[in-house]
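1. Predicted model and sequence below, questions to follow.
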Amino acid sequence: MNDERLTVAEAAGPADGEPPEQPEDSARPEKRKRRGPGPFTLLLLPALVTVIGVAGFLALAGGLPTPWPDDSGSKSAADVDVDPSYVPWLRKAASACTVLDPSVLAAQIDQLSGWSDDTDELSGQKGIAAFTDSEWRAWGKDDDGSGTSSPRDPADAIMALGRRDCSLAGEVTELRTEGRVSGDLVDLTLAAYATGTDAVRKAGRVPAEAETYLAEVRALLPRYEALDREDPAGAGGTAGALLTAPVSPLTVTSPYGSREHPLTGVTKLHTGVDFAAPQGAQVVAARRGRVVFAAHTRAYGNRVVVDHGTIQGKRLETTYSHLSVLESAVGQSVEAGTPIGRVGSTGLSTGPHLHFEVVLDGYYTDPGPWLVRGG
């Protein structure tokens, strides 16, 4: 260090026990008259006593309050106990109307099924959003382009619940605008889901029979609030807009965008890019991150999702689907180029290839501009 500070020895005085130098006449020190407290003492002593007293009180009271909130316990969307592949659908479904947040949908599903797709034999409810057959006919669609519309398909179920809730939100918003009901729109929407819009209209507020359901959903909301917000910038490291090639070479057989699905014949958004590659070819992570999903799904087959943290304040994830072999596990940290699986044709697939997606802040986006061609 080049800063000119006193060392401990220099600050303490001469070393080796040598007495400090004394003036030549120190043997006969002059006797001084005792004086009273000077003006500085009279001014500073009361202030010093006050400071000591306040410090003692604060020590007993638990210390000074901090001006900065303690967010050490806050969670990111990646930390929420939800299958990561559901998160984009929760956000997409909630974006259909201003009343809904992804956390509300997630709390509803938790209350309805605990995220289980078992069928309730007594009520006939199916899937994670607990739709009956008649309800599904009204609200269900093939939202993920799998070729079938099913309440047991989580993506379809989440989107159907969002449509149903947004329809109810529109109805209760109109009632409140007309002055026929009062209350929070989210509460009124959940009450209409539980008991019907007519019951809300008759009560003029959340009806008593909906209060238990509403309280249960509200109690679950804190678990999922992280779905509603962006994670703090910088959580995922230095921002950069480029991803390395997940397979090599990058030979596109089906680009991002609207297309007719080769198996189902349905025309809709192709949410990623298909890269041609032989069976068993190595698939690698496109950027440093953490594996948040690695399992088999019905449509995507063996699928890996890697969370790369935030890029300019937005959460970035990449997905790798139809793998023949999974070579990574949830919680694993990866670097760009780390092997995570092998090319295959599992799930809804016509042959070996890699379906690669880029999910930015919960929404699918064209992977092309993110990729460095040639690795």
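-> Cool, the structure landed.
2. got the buried residues for stretch 86-100?
-> By neighbour count with 16 or more other C-beta atoms under 10 Å, stretch 86-100 contains the buried residues 86-94, 97, 99-100. Yep, even glycine has a C-beta here, placed from its N, CA and C like the rest.
3. Which residues are in contact with residue 275?
-> Neighbour list for residue 275: 246-247, 250-253, 353-354, 356 [criterion: C-beta atoms under 8 Å, 6 or more residues apart in numbering].
4. In the stretch 101-250 of the chain, mark out all the helices, start to finish.
-> Along the stretch 101-250 of the chain, counting by DSSP state H, counting those that start in this stretch, helices occupy 102-113, 133-139, 154-177, 185-195, 197-203, 211-220.
5. Could you report the pLDDT at residue 124?
-> Listed pLDDT for residue 124 reads 83.
6. what does residue 32 give?
-> pLDDT recorded at residue 32 is 39.
7. Next: the one 4 residues further on.
-> Note on residue 36: pLDDT of 45.
8. The one 4 residues further on now?
-> For residue 40, the model assigns a pLDDT of 44.
9. Residue 3 now?
-> pLDDT, read off for residue 3, is 39.
10. Let me know whether residue 186 touches residue 103 as I believe.
-> No - Residue 186 is beyond contact range of residue 103, at 10.1 Å (criterion: C-beta atoms under 8 Å).
11. Who are the contact partners of the nearest residue to residue 180 once chain neighbours are set aside?
-> Distances taken as C-beta to C-beta, 6 or more residues apart in numbering place residue 201 nearest to residue 180, at 6.2 Å, with adjacent residues excluded. For residue 201, the contacting residues are 175, 180-181, by C-beta under 8 Å, 6+ apart.
12. out of the residues you listed, which are buried?
-> Buried members of the contacts of residue 201, scored by 16+ other C-beta under 10 Å, are 175, 181.
13. got the contacts of residue 201 as JSON lines, with distance to residue 152 columns?
-> JSON lines is the format used below for the contacts of residue 201 (distance: C-beta to C-beta, whole Å):
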{"residue": "175", "distance to residue 152": "34"}
{"residue": "180", "distance to residue 152": "38"}
{"residue": "181", "distance to residue 152": "35"}
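14. Residue 255: neighbour count?
-> Neighbourhood size, residue 255 [other C-beta atoms under 10 Å]: 13.
15. and if you look at residue 345?
-> The tally of other residues near residue 345 (other C-beta under 10 Å) stands at 15.
16. got the phi/psi numbers for residue 196?
-> Dihedral angles of residue 196 (phi, psi; degrees, to the nearest 10) stand at phi 100, psi 150.
17. Tell me the spacing between it and residue 168.
-> As judged by C-beta to C-beta, to the nearest Å, residue 196 and residue 168 stand 9 Å apart.
18. where does the stretch 201-350 of the chain dip in pLDDT?
-> For the stretch 201-350 of the chain, the stretches with pLDDT under 70 are 230-241, 259, 261-268, 312.
19. can you map out the strands along it?
-> Ranges of strands in the stretch 201-350 of the chain, per DSSP state E, counting those that start in this stretch, are 252-254, 257-260, 267-270, 273-276, 282-284, 289-297, 301-311, 314-323, 325-326, 333-334, 339-342.
20. Nearest to residue 163, out of these?
-> Ranking those by proximity to residue 163 (C-beta to C-beta) places strand 267-270 first, at 15.9 Å.
21. Find the residue closest to residue 361 in space, skipping its chain neighbours.
-> Once flanking residues are discounted, residue 361 sits nearest to residue 314: 4.1 Å by C-beta to C-beta, 6+ apart.
22. rewinding a little: okay, the contacts of residue 275 in JSON lines with distance to residue 114 next?
-> JSON lines is the format used below for the contacts of residue 275 (distance: C-beta to C-beta, whole Å):
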{"residue": "246", "distance to residue 114": "34"}
{"residue": "247", "distance to residue 114": "38"}
{"residue": "250", "distance to residue 114": "41"}
{"residue": "251", "distance to residue 114": "43"}
{"residue": "252", "distance to residue 114": "41"}
{"residue": "253", "distance to residue 114": "40"}
{"residue": "353", "distance to residue 114": "36"}
{"residue": "354", "distance to residue 114": "34"}
{"residue": "356", "distance to residue 114": "32"}
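23. Out of those residues, which end up buried?
-> So, of these, 246-247, 250, 353-354, 356 end up buried under the neighbour-count rule (16+ other C-beta under 10 Å).
24. right, and out of these, which lies closest to residue 138?
-> For the buried ones among the contacts of residue 275, the nearest to residue 138 is residue 356 (35.4 Å; C-beta to C-beta).
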